[in-house]
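Engineer: Model the following, please.
(one chain, ligands or ions: 1)
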Amino acid sequence: MTNPLLADWKTSFGLPPFADISDEDFAPGFEAALTEARAELAAIIENSDPPTFANTIDALELMGEGLHKVLSPFYTLAGVDSNPAREALQREFSPKLAAWGSEVSMNPHLFARVDALWQDRDNLDLTAEQLRVLELTRRNLVRAGAQLEGFAFDRLKQVKERLAVLGTRFTQNLLADERAWYMELDAVDLEGLPDFVLATAKAAAEEQGAEGHVVTLSRSLIVPFLQFSSRRDLRERAYEAWTSRGANGGETDNRAIATEILTLREERAHLLGYDDFATYKLETEMAKTPDAVRKLLMEVWEPARAQADLDAQSLAAMMHNDGVNDALEPWDWRYYSEKRRAAEHDLDEAELKPYLQLDRMIEAAFDCATRLFGLEFKPLDVKLHHPDARAWEVTRNGEHIAVFIGDYFARGGKRSGAWCSALRSQQKLRGDIRPHVINVCNFAKPAKGSPALLSYDDARTLFHEFGHALHQMLSNVTYESISGTSVARDFVELPSQLFEHWLEVPEVLQKYATHAKTGKPMPADMLQRMLDAANYDQGFSTVEYVASAMVDIEFHTGDAPEDPMAMQAEILESMGMPPAIRMRHATPHFAHVFAGDGYSSAYYSYMWSEVMDADAFAAFEEAGGAFHEATARKLEDHILSVGGLRDADVLYTEFRGRLPGVDALLKGRGLDNVA
Ligand SMILES: [Zn+2]
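Structural biologist: Modelled structure (predicted):
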């Protein structure tokens, strides 16, 4: 039988034939596709014709299609439904892929051809997009070390290969720690837990093959447990397990890996002629320098910490009233904060939850996309990678735009967090290729027969990931390398964070927040209270985020730390970290920074984008409302459809007429008037 990964896919829309693919197909498929890609590269660099845009840049863009067909379904599966076989394959592929990446990006012959085109660019009659692709291709080669020679060249290659291995190991250790821990709850341990938490804890027990209820380290279970459990001893145990991921000693400990990664990144920057890794990394970002990042973070830090200190005093007083005469600890914060939220905003998460049904929130996100961009969504009956995943065809005026896939429920083999990726990106070089986009979340799966219910935060995550999906689906460029979300890291969160604002538009929830049992819309006063409470506890969230972002940027500036854990402690100390709050992601489980290069020295990006999203949404409000047609068109024309066609600051200025300041962000977080 032929390997389905290497065959022509006769599936609807050319989706990967998941039903026919078995784990045994990946390794041979990968080897065959890699050989083919190598032949394609050889054909480009050994071409005896002088370099032209078509025989070099176009050919490079078209290279590796077979490899993509193997790896796109593979990495989808490895992320959402891992198993030991897939983990072994990941370990096998990652150094080979890093080596292949180096063969291309550090190729002196390829660089010579690209550089010749670049020097001659004024005579090539290129379109603006072609010129941009040429510029970025050359820049990527330079930054990868294609110009290096001798020892520096060989050493850089080794460093990159080693980093790829370490990144995979970091991720797998984390997953192992997350999977290994759960806490069984006896009847007396259930004190304070509302029905929805009990239901999630029961479903988690079933998945573990345990009786009754368990708490796992899945964010959608542990966070509500910490919010509601009145058992301080259990909260402490669960919290310590949660924040010790990757730091439990033994084989899955990530601390030594983090040290080695930081040292190797510094060496990589030095080999390329940069002072440190952050300087290298930020060169191509919108922020451009570590100092610009620090400036933003500190502007936000001071008011956020002041707010958090005030909040800590109130929460400690509540705890003392409860008869607990102890200092407020990190495992107390969410519990008393939830009580305070209920009291101040008269809002009870358990009462709220039946109104936020997953299916209705999906409809709400779709409806916003219809009203803003004219997109329509029709469910598709196709075989996907897992029975929980669902697909829709996206059209506009009857024309096919994209396939959208949602895989929403948490399960054992799924990486934690939420993300958006493209199984296939939009481009026109190979014909009119429309994208296949997937949103992955980790919402609690309901018991059979019950509707899935979300927290307000979950609903926000759903809108966030859908914003990334829109950036992919509305893409309209020729070259894949600049398509969709292929933009600067600190710009990529703009469309996603911007889309979250539509969840806060009252008419959206008035229509879609309906009670799971009665079907009645959420009462107006509850809706108002929920929206008022949405910005609740921003001192806490801002502090835990900025602390992580600051540690990340300092790790990659100056000399690499010999002991990252000690350096982390020093940084937090010097910032005056409130004692009852910890980093959102501490070093041993800071996957954004250590699982790969994506967010290393770039975790600040979320906040950088938030500065823009607050300001961009204001553009709609100023123009006449959240669904203002001309503003939506401008957003699509200048940001959502053009990918990385121009630098991020240029795109934003085209949309808004100017760049934003930090004020809209502080106002949005309610931190603009901290005493
Ligand atoms: Zn995002």
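
Engineer: Go ahead and confirm S314 touches R340.
Structural biologist: Yes - counting by CB atoms under 8 Å, S314 touches R340, with 6.6 Å between them. Using the backbone N, CA and C atoms, a C-beta is placed for each residue, glycine as well.

Engineer: any idea how far N3 is from P16?
Structural biologist: 13 Å (CB to CB, to the nearest Å).

Engineer: cool, and L141?
Structural biologist: Taking CB to CB, one finds L141 at 30 Å from P16.

Engineer: Please apply the same query to L494.
Structural biologist: According to CB to CB, L494 stands 29 Å off from P16.

Engineer: And M319, by the same measure?
Structural biologist: With CB to CB as the criterion, M319 and P16 are 52 Å apart.

Engineer: So for L494 and P16, which sits in the more crowded spot?
Structural biologist: More crowded of L494 and P16, by other CB atoms under 10 Å: L494, with 30 against 24.

Engineer: Just confirm the more buried one is within a helix.
Structural biologist: Yes - with DSSP: H, G, I helix; E, B strand; the rest coil as the criterion, L494 is assigned to a helix.

Engineer: can you pull the pLDDT of it?
Structural biologist: We have a pLDDT of 95 for L494.

Engineer: for V674, same thing?
Structural biologist: At V674, pLDDT is 73.

Engineer: which residues touch it?
Structural biologist: Taking CB atoms under 8 Å, 6 or more residues apart in numbering, we find V674 in contact with P303, A306, Q307, L310, G539.

Engineer: what's the answer for L131, then?
Structural biologist: With CB under 8 Å, 6+ apart, L131 has these contacts: R121.

Engineer: list the buried ones in the helix or strand hosting it?
Structural biologist: Here L131 sits within helix 128-144, counting by DSSP states H and E. Buried residues in helix 128-144, counted by 16 or more other CB atoms under 10 Å: E129, Q130, R132, V133, L134, L136, T137, R138, L141, V142, R143, A144.

Engineer: Let me have these in TSV, adding distance to the ion and pLDDT as columns.
Structural biologist: Formatted as TSV, those follow (distance: CB to the ion, whole Å; pLDDT from 0 to 100):
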residue	distance to the ion	pLDDT
E129	26	98
Q130	30	98
R132	24	98
V133	25	98
L134	29	98
L136	22	97
T137	26	98
R138	29	97
L141	28	96
V142	28	95
R143	24	95
A144	25	94
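
Engineer: Indicate the residue of this protein located nearest to the ion.
Structural biologist: The nearest approach of the chain to the ion comes at S496, 4.2 Å away (CB to the ion).

Engineer: pretty sure that residue contacts E465?
Structural biologist: Yes - counting by CB under 8 Å, S496 touches E465, with 6.8 Å between them.

Engineer: quick revisit: and the residue of the chain closest to the ion, what is it in contact with?
Structural biologist: Applying CB under 8 Å, 6+ apart, the residues near S496 are C420, H464, E465, F466, G467, H468, H471, S609.

Engineer: For these, point out the one with the lowest pLDDT.
Structural biologist: Across these, the bottom pLDDT score, 87, is held by S609.

Engineer: residue contacts, it?
Structural biologist: Counting by CB under 8 Å, 6+ apart, S609 has contacts D490, F491, V492, E493, L494, S496, Q497.

Engineer: Just flag the most distant two among those.
Structural biologist: By the measure CB to CB, D490 and S496 form the most distant pair in the contacts of S609, at 12.7 Å.

Engineer: and A327, how many neighbours?
Structural biologist: If you count neighbours by other CB under 10 Å, A327 ends up with 11.

Engineer: which residue is nearest the centroid of the chain?
Structural biologist: W419 (4.6 Å; CA atoms, centre = their mean).

Engineer: Pull the residues that contact the longest strand along the chain.
Structural biologist: Longest strand in the chain by number of residues, with DSSP state E as the criterion: strand 399-409. Identification of contacts with strand 399-409 by CB under 8 Å, 6+ apart yields 13, 15, 80, 358, 362, 375, 377, 380, 384-386, 388-395, 423, 426, 434-445, 452, 462, 469, 472-474.

Engineer: Show me just the buried residues among the residues you listed.
Structural biologist: In the contacts of strand 399-409, the ones that pass as buried (16+ other CB under 10 Å) are 15, 80, 358, 362, 375, 377, 380, 384-385, 388-394, 423, 426, 434-445, 452, 462, 469, 472-474.

Engineer: Go through those residues and flag which are in strands.
Structural biologist: Short answer: these in strands (DSSP E) are 377, 380, 390-394, 423, 436-443.

Engineer: shared neighbours of S496 and E465, which are they?
Structural biologist: By CB under 8 Å, 6+ apart, the residues touching both S496 and E465 are C420.

Engineer: Which secondary structure state does A33 sit in?
Structural biologist: helix.

Engineer: Can you give me the neighbour number for it?
Structural biologist: A33 sits with 21 neighbouring residues when counted by other CB under 10 Å.

Engineer: Let me see the contact set for it.
Structural biologist: When contacts are counted by CB under 8 Å, 6+ apart, A33 touches L5, L6, G64, G66, L67, K69, V70.

Engineer: Surely the fourth one touches E31?
Structural biologist: So that's G66. No - when contacts are counted by CB under 8 Å, G66 is not listed as touching E31 (11.0 Å).

Engineer: Looking at the two, which one has more neighbours?
Structural biologist: With neighbours defined as other CB under 10 Å, G66 and E31 compare such that G66 has more, 19 against 12.

Engineer: Quickly find the element holding that one.
Structural biologist: Per DSSP H and E: G66 is located in helix 65-80.

Engineer: Tell me which other helices or strands that helix touches.
Structural biologist: Counting contacts by 3 or more CB pairs under 8 Å, 6 or more residues apart in numbering; DSSP states H and E, helix 65-80 packs against helix 23-45, helix 84-105, strand 419-424, strand 436-443.

Engineer: and with 6 Å instead?
Structural biologist: helix 23-45 (3 or more CB pairs under 6 Å, 6 or more residues apart in numbering; DSSP states H and E).

Engineer: Could I get the buried residue list for the helix or strand immediately after the helix it packs on in the chain?
Structural biologist: Under the assignment DSSP H and E, the closest C-terminal helix or strand after helix 23-45 is helix 59-62. Using 16+ other CB under 10 Å as the test for burial, helix 59-62 gives A59, L60, E61.

Engineer: Would you verify that L234 is located in a helix?
Structural biologist: Yes - assessed with three-state DSSP, L234 lies in a helix.

Engineer: Quick one: residues contacting the residue nearest to M361 when sequence neighbours are not counted.
Structural biologist: Spatially, and ignoring its direct neighbours in sequence, M361 is nearest to A459 (4.9 Å; CB to CB, 6 or more residues apart in numbering). When contacts are counted by CB atoms under 6 Å, 6 or more residues apart in numbering, A459 touches L356, M361, L503.

Engineer: Redo those residues as CSV? Include neighbour count.
Structural biologist: As requested, the contacts of A459 are exported to CSV (neighbours: other CB atoms under 10 Å):
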residue, neighbour count
L356, 26
M361, 27
L503, 23
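
Engineer: In helices, which of those appear?
Structural biologist: The helices, defined by DSSP state H, take in M361 from the contacts of A459.

Engineer: Present the contacts of A459 as CSV; the columns should include pLDDT.
Structural biologist: Shown next, in CSV, are those (pLDDT from 0 to 100):
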residue, pLDDT
L356, 96
M361, 98
L503, 96
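
Engineer: just the contacts of A459 that are near the ion?
Structural biologist: By CB under 5 Å from the ion, no member of those lies near the ion.

Engineer: Take the contacts of A459 and write them to TSV, including distance to A402.
Structural biologist: Compiled in TSV, the contacts of A459 are given as follows (distance: CB to CB, whole Å):
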residue	distance to A402
L356	26
M361	20
L503	21
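
Engineer: quick check, V477 in a strand?
Structural biologist: No - using three-state DSSP, the assignment for V477 is coil, not a strand.

Engineer: That one - how many residues pack around it?
Structural biologist: 23.
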